[in-house]
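> Just need the structure, nothing else, for what follows:
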Amino acid sequence: MENSTQDSRPVQNVFFEAGGFAPFVMSDTDNRPSGFGIDLVNAIGDKQGFRTNYIPHPFTGMLEDLGKGADIAVAAITVTDERKAMVDFTNPHFDTSMALIVPEDSPITSIGDVKGKNIAVVVGTVGEPGLAKLQGGKGIITRTPSVWAATREVMRKNVDGAFADAGPLNYYANTYKEQKLRVISDGSSAKNHYALAVTKGKTELLNKLNQGLEQIKADGTYDKIYQKWFPTDQGKPTPAPAK
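Down below sits the predicted model:
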């Protein structure tokens with residue numbers, strides 16, 4: 001879906017996570033994308049002279065499919081060494097850490113309390129092995145296709161909590177206040193870095209994206225996008241190094 005039929009700039013096809021990862025990437029019933037990551041790519045395109053054509057794609061297989069119809073992928077993509085073997089990454093654009101979302105009256109008070117509990121996690125994300133390590137074989141892991149699906153399991157009382165990135169969990173807790181959910185973060189846990197993924201070897205495109213990212217940080221565009229999607233500071237990403 002192109003931004004404008006009147007726009008004569010060259011087109012960059014972009015995979016975006018069809019299932020959504022609010023508020024980073026979301027889509028409506030017509031698969032029209034929105035979110036922090038979408039605004040970010042659009043702003044970079046404005047600086048670097050390209051327009052975007054967004055193609056919905058499940059998160060599972062998204063990185064493996066880069067180069068087959070699209071050369072950029074946007075989601076809440078955590079940079080890992082394993083993924084670096086498949087794709088190239090831009091400089092990080094968001095720092096986050098793992099957290100738990102639980103009912104307000106839950107006895108769970110820390111990340112370590114997941115042992116012996118039924119905890120939802122998003123399949124194929126870094127949270128899956130992270131939760132398994134925390135539980136140490138004691139507890140149940142309920143695998144779901146998205147953070148929203150995991151959070152709904154908490155709302156429906158089907159699980160004791162959901163383990164995922166703090167950003168979307170805070171977003172859902174604030175958006176659905178009537179559900180009375182509580183987010184538990186661990187300040188000592190390692191930071192995850194989000195970045196745009198690029199088809200391996202597309203060095204010119206990678207450089208354009210990095211240059212555009214620096215430009216929107218320098219002129220205040222990045223901060224405006226951030227404030228749009230995170231109006232109540234939920235752990236603002238550190239401006240350095242650039243996920």
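
> can you tell me how far residue 229 sits from residue 222?
11 Å (C-beta to C-beta, to the nearest Å). Every C-beta, even on glycine, is put in place using the N, C-alpha and C of the backbone.

> between these two, who's got more neighbours?
The neighbour comparison of residue 229 against residue 222 (other C-beta atoms under 10 Å) goes to residue 222, with 23 against 20.

> What is the neighbour count of the closest residue to the more buried one other than its chain neighbours?
Using C-beta to C-beta, 6 or more residues apart in numbering and skipping the chain neighbours, the partner closest in space to residue 222 is residue 216 (4.7 Å). Residues near residue 216, counting by other C-beta under 10 Å, number 20.

> Now do the buried residues in the helix or strand that residue 216 is a member of.
Element membership of residue 216 [criterion: DSSP states H and E] is helix 203-218. Buried residues in helix 203-218, defined by neighbour count with 16 or more other C-beta atoms under 10 Å: 205, 206, 208, 209, 210, 212, 213, 215, 216, 217.

> Provide a list of residues in contact with the first one.
Shown here is residue 205, whose contacts under the criterion C-beta atoms under 8 Å, 6 or more residues apart in numbering are 12, 71, 72, 198, 199.

> If you rank the residues you listed by neighbours, which is first?
With neighbours set by other C-beta under 10 Å, the maximum within those is found at residue 72, which has 27 neighbours.

> shouldn't that one be in contact with residue 14?
Yes - using C-beta atoms under 8 Å, residue 72 is in contact with residue 14, at 4.5 Å.

> Give the intersection of the neighbour lists for those two.
Shared contacts of residue 72 and residue 14, counting by C-beta under 8 Å, 6+ apart, come down to residue 41.

> tell me the SS of the most centrally placed residue in the chain?
Per C-alpha atoms, centre = their mean, the C-alpha nearest to the average position across the chain is that of residue 76, at 1.9 Å. Put simply, residue 76 is coil when judged by DSSP: H, G, I helix; E, B strand; the rest coil.

> Residue 164 is in contact with that one, correct?
No - the pair residue 76 and residue 164 does not pass the contact test of C-beta under 8 Å, sitting 9.2 Å apart.

> low pLDDT regions in this structure?
Low-confidence segments of the chain, defined by pLDDT under 70: 1-5, 187-189, 232-243.

> At which residues are the helices of it located?
36-48, 81-84, 127-135, 147-155, 166-175, 203-218, 221-229 (DSSP state H).

> list the buried ones in the last one?
Neighbour counts using 16+ other C-beta under 10 Å place 221, 222, 225, 226, 229 of helix 221-229 among the buried residues.

> can you pull the contacts of the first one?
What that stands for is residue 221. Taking C-beta under 8 Å, 6+ apart, one finds 43, 215 in contact with residue 221.
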